[in-house]
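Colleague: mind looking at a prediction? Sequence and model below.
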Amino acid sequence: MKTPIIIATMAAFIFLGCTSSRKANKETTNKNQNSDSLGILDNDSIVNKYWKLITLEGQKVTMAKNKEREIYFVLKPDEKRITGFSGCNTFGGTFTLEAGWRIRFLQMASTMKACPDVDVNEREFLKVFEMADNYTLHNDTLSLNVGRRAPLAVFSAVEFE
């Protein structure tokens with residue numbers, strides 16, 4: 001008589017264990033889906049990538065033959081730092097990523113080397129980081145935006161180590 005009760009009790013524990021495991025997995029999945037809808041991406045989506053400038057205020061940007069490197073930036077998540085090159089000078093600062101595809105750049109600074117032959121207005125480029133308050137990401141293309149306007153600048157991801 002005790003054997004059927006023990007078996008029934010064990011079956012109940014197994015059933016309840018499986019049910020709470022499924023519930024926990026469902027909650028984790030829902031949490032991840034909600035995070036994506038809020039614009040909280042896996043950090044690998046935007047950080048630790050070399051973002052090469054493609055367009056600035058709607059104008060295509062190409063690297064001139066006399067330039068040693070292209071205009072770019074990198075977001076380093078461990079230190080919450082941004083570093084980059086603006087055509088003549090290097091720059092850096094800090095950043096935060098927030099829900100809703102929000103991004104903020106703070107404490108931005110740049111070297112002050114004079115380069116008369118730079119064909120991109122560095123001041124205009126660096127102003128993007130002051131103005132940007134959100135971003136969009138499609139495949140390996142990142143747009144920095146202010147409000148719902150057209151992108152301030154568009155970048156392409158280049159893999160690096």
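Modeller: Yep, it's here. All of these numbers come straight from a predicted model, not from anything done at the bench. Numbers count the residues shown, from 1 in each chain.

Colleague: switch to C-alpha atoms for all contacts and neighbour counts from now on
Modeller: Noted.

Colleague: residue contacts, the residue nearest the centre of the chain?
Modeller: The chain has residue 46 as the residue nearest its centroid, 2.7 Å off, counting by C-alpha atoms, centre = their mean. Counting by C-alpha atoms under 8 Å, 6 or more residues apart in numbering, residue 46 makes contact with 75, 137, 142.

Colleague: to what extent is the last one buried, counted in neighbours?
Modeller: Yep, that's residue 142 we're talking about. For residue 142, the count of nearby residues is 22 (other C-alpha atoms under 10 Å).

Colleague: for whatever helix or strand it lives in, packing partners?
Modeller: If you go by DSSP states H and E, residue 142 is part of strand 141-145. Contact analysis of strand 141-145 by 3 or more C-alpha pairs under 8 Å, 6 or more residues apart in numbering; DSSP states H and E lists strand 134-138, strand 153-158 as its packing neighbours.

Colleague: how about the last one: buried residues?
Modeller: What that stands for is strand 153-158. 153, 154, 155, 156, 157 (16 or more other C-alpha atoms under 10 Å).

Colleague: likewise for stretch 47-55?
Modeller: Result for stretch 47-55 [16+ other C-alpha under 10 Å]: buried residues 47, 48, 49, 50, 51, 52, 53, 54, 55.

Colleague: and the fifth one, what pLDDT?
Modeller: The model reports residue 51 with a pLDDT of 97.

Colleague: quick one: the strands in the protein, in order.
Modeller: For the chain, strands defined by DSSP state E occupy the ranges 50-56, 59-60, 72-76, 81-85, 90-98, 102-110, 134-138, 141-145, 153-158.

Colleague: Serialize those strands to JSON lines and add fields for distance to residue 128.
Modeller: Output for those, formatted as JSON lines (distance: least, C-alpha to C-alpha, whole Å):
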{"stretch": "strand 50-56", "distance to residue 128": "9"}
{"stretch": "strand 59-60", "distance to residue 128": "14"}
{"stretch": "strand 72-76", "distance to residue 128": "12"}
{"stretch": "strand 81-85", "distance to residue 128": "13"}
{"stretch": "strand 90-98", "distance to residue 128": "13"}
{"stretch": "strand 102-110", "distance to residue 128": "10"}
{"stretch": "strand 134-138", "distance to residue 128": "11"}
{"stretch": "strand 141-145", "distance to residue 128": "7"}
{"stretch": "strand 153-158", "distance to residue 128": "7"}
